[in-house]
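Asker: Have a look; sequence and predicted model below, questions after that.
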Amino acid sequence: MRHLSLIVLFYFTLFLQNGFSQETKADRKLKKKTERKARDKYLGAGFGIFKMSAKDQATSPLLYSGTGAIGNLQYLVHSEELIETFDLSFGGGNMRTNKNDHSGLTRGSEYGIYFDFRFQYLMKVLKFAHNKVIWYLGPGFDFTNYSRINSKYGNSLYNYEYMTGVGLSSGIEFPFGYKSKDCRFLGMNFHRCDRDLRLSWQFFIPVIGAIYRPGYVTITNFSNPDEPVFDSENLHAGIFKYLQISSRVELYYILHNGNMLKLSYVWEYHQYNPGYNKVQGAINGIYFSFVFKFNNVK
């Protein structure tokens with residue numbers, strides 16, 4: 001009887017432990033679901049200006065630079081624990097060199113095109129500065145295209161580089177704000193409403209990537225039946241095969257209805273040197289965005 005009691009007690013203990021572990025697992029599942037629902041979801045659209053510079057030794061040793069227009073679309077999932085972004089940027093503009101051409105009459109000019117798609121998944125690492133600043137870290141994926149058209153070079157006017165890579169993303173956020181206040185300016189009374197703001201900085205650098213450059217430059221509508229549309233010999237992949245650094249600083253002005261106004265400054269630099277036809281390029285620009293919140297989380 002004593003042994004039977006011990007056996008019953010043993011199985012009853014296992015039953016309780018199993019029940020509690022199942023409850024804990026269910027609680028964790030419910031907690032994750034609640035966290036996912038609590039994340040804010042936004043869609044942003046922006047427009048601005050940028051400066052684009054390039055030195056492509058496949059066509060010219062000269063530095064070309066100029067200004068153009070840039071557009072941006074972004075899907076953003078945001079919480080204190082996680083930031084997830086799908087970001088699409090595109091732009092174009094005229095670039096010129098400060099050197100005269102061979103005739104000494106006019107300066108050379110070309111048209112530059114920029115396209116970039118990026119996905120970043122950032123997770124909170126720690127909070128510092130009295131828990132006012134949050135540091136995020138995670139993976140990222142990027143696809144970028146730079147194209148240049150220079151009519152001065154006749155049958156070698158078109159050049160480009162396509163770059164895609166998986167790498168490291170990092171971000172820092174600083175939420176802040178100000179309280180409502182009555183103030184007076186130029187003899188007039190004003191009431192300043194309370195407002196929340198957020199300053200964000202994100203950084204990306206590809207680690208494993210591939211770059212595609214043409215074997216030789218050509219005109220845009222040129223067709224060579226002996227030359228394939230895609231030549232695998234012009235595709236180069238590996239670890240740090242090319243250098244690309246991307247930085248973005250964003251200031252969010254959060255409205256009371258959950259929508260936001262955003263001011264962004266973006267800077268990117270890339271370089272590829274296979275031992276010949278080295279190419280370098282950079283962009284820096286500023287754009288303004290309307291950011292619409294489309295879930296009901298407050």
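Answerer: Great, that's in hand. Because the structure is predicted, anything quoted here is derived from the model rather than measured. Numbering: from 1, shown residues only.
Asker: So for stretch 82-91, what gets flagged as buried?
Answerer: Buried residues in stretch 82-91, counted by 16 or more other Cβ atoms under 10 Å: 82, 83, 84, 85, 87, 89, 91. C-beta here means a position set from N, CA and C on the backbone, and glycine is covered the same way.
Asker: do stretch 152-168 as well
Answerer: 152-153, 156-165, 167.
Asker: how far does it sit from the chain's center?
Answerer: 20 Å (Cα atoms, centre = their mean, to the nearest Å).
Asker: what's the model's confidence in that stretch, averaged?
Answerer: Averaged over stretch 152-168, pLDDT sits at 84.
Asker: which of the buried residues of stretch 152-168 lies closest to residue 122?
Answerer: Lowest distance from residue 122 to these (Cβ to Cβ) belongs to residue 167, with 12.8 Å.
Asker: Pull the contacting residues for that closest one.
Answerer: By Cβ atoms under 8 Å, 6 or more residues apart in numbering, the residues touching residue 167 are 139, 140, 142, 204, 205, 206, 207, 208, 209.
Asker: Who wins on neighbours among these?
Answerer: Among the contacts of residue 167, the one with the most neighbours (other Cβ atoms under 10 Å) is residue 206, at 26 neighbours.
Asker: from the buried residues of stretch 152-168, which is closest to residue 126?
Answerer: Residue 126 lies nearest to residue 167 out of the buried residues of stretch 152-168, by Cβ to Cβ, at 21.3 Å.
Asker: Grab the nearest non-local neighbour of the closest one.
Answerer: residue 206 (3.7 Å; Cβ to Cβ, 6 or more residues apart in numbering).
Asker: Can you give me the separation between the one you found and residue 141?
Answerer: Separation of residue 206 from residue 141 (Cβ to Cβ, to the nearest Å): 9 Å.
Asker: Overlap in contacts, those two.
Answerer: Counting by Cβ under 8 Å, 6+ apart, the shared contacts of residue 206 and residue 141 are 165, 166.
Asker: Show me which of the buried residues of stretch 82-91 is closest to residue 171.
Answerer: Closest approach to residue 171 among the buried residues of stretch 82-91 (Cβ to Cβ): residue 83, at 6.2 Å.
Asker: taking the buried residues of stretch 152-168 one by one, which sit in strands?
Answerer: Among these, the members found in strands (DSSP state E) are 158, 159, 160, 161, 162, 163, 164, 165, 167.
Asker: And the residues you listed, which is closest to residue 275?
Answerer: For those, the minimum distance to residue 275 (Cβ to Cβ) is 15.5 Å, reached by residue 161.
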